[in-house]
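Student: Kindly generate the corresponding structure for this input.
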Amino acid sequence: MTAARDAAAKAPRPLRADARRNRDAILQAARETFEAEGVLASLDGIALRAGVGNATLYRNFPTRDDLLAAVMQTIIERAVADAGELSRSLSPREALAEWLVRLTWQLRIWHDLPYCVATAREDPASSMTDATNPLLAQTGALLDAAKASGDAVEGVTADEAFELATALSWGVDRFGDDEQAARRRVEVATAGIFT
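Tutor: Predicted structure coming up:
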């Protein structure tokens, strides 16, 4: 009984309706701002766009990484589902190759997102590290399947492949690649992963 009571006490309480509206407004404003200005845009500007005070924004999202992780949650969930579909419908080699292209493209959706993802990977306590861990796990699963089928180099790690996709997404972002140019960039850069 005590364990159940302790668990209930630790569970987050549901937000009041006004607090939920504020949180939703902040997330919407952040999405719009990130799309227009990139992920290093002013947090004060996001609060203003959301129609809330800075204190409300920081109460909900104490750091930029917290806000970015929350905004990216749906995108990451879709990417993970996409990876599962690739593994079911393509050969291990094709699934990994396509995943690396799609991951690279997804990580460049907002200007400077690759920079934030790379920076967060250096800080295990960052909420962005937790948010992107499912992407790393999918990279590892697809890489392991390609290794098992003899299509990927044994010495390559999931961390290396994920970091390569992150670096490539930075290049795609900086050079303004369209999807075809991004695909070519990834295919050339990842060729060494495959046997």
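Student: helices and strands around the one helix or strand Ala165 maps to, which ones?
Tutor: Applying DSSP states H and E as the criterion places Ala165 in helix 158-175. Packing contacts for helix 158-175, counted by 3 or more CB pairs under 8 Å, 6 or more residues apart in numbering; DSSP states H and E, involve helix 92-106, helix 113-121, helix 127-148, helix 179-189. Placement of C-beta: from N, CA and C, glycine included.
Student: can you pull the buried residues of that helix?
Tutor: Neighbour-count burial for helix 158-175 flags 158, 161-166, 168-173 (criterion: 16 or more other CB atoms under 10 Å).
Student: Kindly report the same for stretch 100-113.
Tutor: 100-108, 110-113.
Student: of the residues you listed, closest to Gly192?
Tutor: Proximity of the buried residues of stretch 100-113 to Gly192 (CB to CB) peaks at Leu100, which lies at 11.8 Å.
Student: Could I get the contacting residues of the closest one?
Tutor: By CB atoms under 8 Å, 6 or more residues apart in numbering, Leu100 lies in contact with 139, 161, 164-165, 186, 190, 193.
Student: Ile193 too?
Tutor: Neighbouring residues of Ile193 by CB under 8 Å, 6+ apart: 96, 100, 143, 152-153, 156, 161, 164.
Student: can you do 10 Å?
Tutor: Ile193 makes contacts with 93, 96-97, 100, 143, 146-147, 151-153, 155-156, 160-161, 164, as judged by CB atoms under 10 Å, 6 or more residues apart in numbering.
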